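1. predicted model, plus sequence, below.
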Amino acid sequence: MPNKFKIVVCASGGGGNFQALIDSREALDMEIVLLIADRKCGAIDRAVNSGIPYLLLTPAGEKARLAADLDKAIPADTDLIVLAGFMPVIPKSICDKWPRKIINTHPALLPKYGGKGMYGVKVQEAVMRAHEEEAGCTVHYVTDALDGGEIILQKSLAVDYSETPWQLGGRIFNEENKLLVEAVRLIKASARS
């Protein structure tokens with residue numbers, strides 16, 4: 001029997017996407033070997049409650065320190081690194097070391113509404129300001145181009161202008177949870193074939 005598919009999750013917030021992965025561990029026959037957080041956050045509580053080891057990075061403020069900390073923390077036998085609401089930009093050296101092994105969720109239909117400053121409700125505010133008919137979420141590979149890596153999966157939703165940007169964001173986040181689990185399933189199947 002082959003070893004379980006090993007995942008490291010990086011998070012900065014409440015950990016909703018992280019929880020979706022925790023809840024899918026058995027179905028996907030995967031192991032979340034580590035949570036890496038860059039601040040005290042709800043994701044850490046979820047890791048503790050699920051018996052998953054976690055590492056709280058020392059606030060760095062500089063890319064070189066982040067690169068060194070991530071390089072030291074990520075086990076060499078990791079199959080996939082999942083950025084689940086991780087706010088720091090992943091340094092180029094880490095992207096180069098783990099090509100097509102780091103994925104990210106984004107609450108927009110990339111390439112639209114990606115890049116610097118496009119996170120959280122700011123994305124949905126921009127979508128609604130532009131009077132878009134569709135909004136959605138993306139799971140993509142991480143490269144040194146911010147939100148610029150190859151798209152793995154996307155899910156679109158009709159924009160309902162009776163909603164606030166927060167409400168639209170909540171609907172998108174629910175879809176993002178499912179999309180992330182499906183992306184991990186596809187990557188794992190591809191890696192094991």
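-> Looks like it came in fine. Worth saying up front: this structure is predicted, and the values here are computed from it rather than measured. Residues are numbered from 1 along each chain as shown.

2. C-alpha from now on. contacts and neighbour counts both.
-> Fine.

3. and the pLDDT for residue 23?
-> pLDDT for residue 23: 97.

4. any idea how far it lies from residue 65?
-> Per Cα to Cα, to the nearest Å, residue 23 is found 32 Å from residue 65.

5. likewise residue 117?
-> In terms of Cα to Cα, residue 117 sits 22 Å off from residue 65.

6. more neighbours: the two, which one.
-> When neighbours are counted by other Cα atoms under 10 Å, residue 117 and residue 65 differ, and residue 65 comes out ahead with 15 against 9.

7. ramachandran angles for the more buried one?
-> Main-chain dihedrals, residue 65, degrees, to the nearest 10: phi -70, psi -40.

8. cool, and residue 155?
-> Phi and psi for residue 155, reported as degrees, to the nearest 10, are phi -140, psi 130.

9. state the distance from it to residue 137.
-> 6 Å.

10. who are the packing partners of the one helix or strand residue 27 maps to?
-> Using DSSP states H and E, the element containing residue 27 is helix 16-28. Applying 3 or more Cα pairs under 8 Å, 6 or more residues apart in numbering; DSSP states H and E, one finds that helix 16-28 contacts strand 30-37, helix 42-50, helix 165-192.

11. what angle do the second one and strand 30-37 make?
-> This means helix 42-50. Using axes from the mean of the first three to the mean of the last three Cα atoms, to 10 degrees, the direction of helix 42-50 lies 140 degrees away from that of strand 30-37.

12. tell me the angle of helix 42-50 relative to helix 16-28?
-> 30 degrees.

13. sort out which residues of helix 42-50 are buried, please.
-> Along helix 42-50, these residues count as buried under the neighbour rule (16 or more other Cα atoms under 10 Å): 43, 44, 46, 47.
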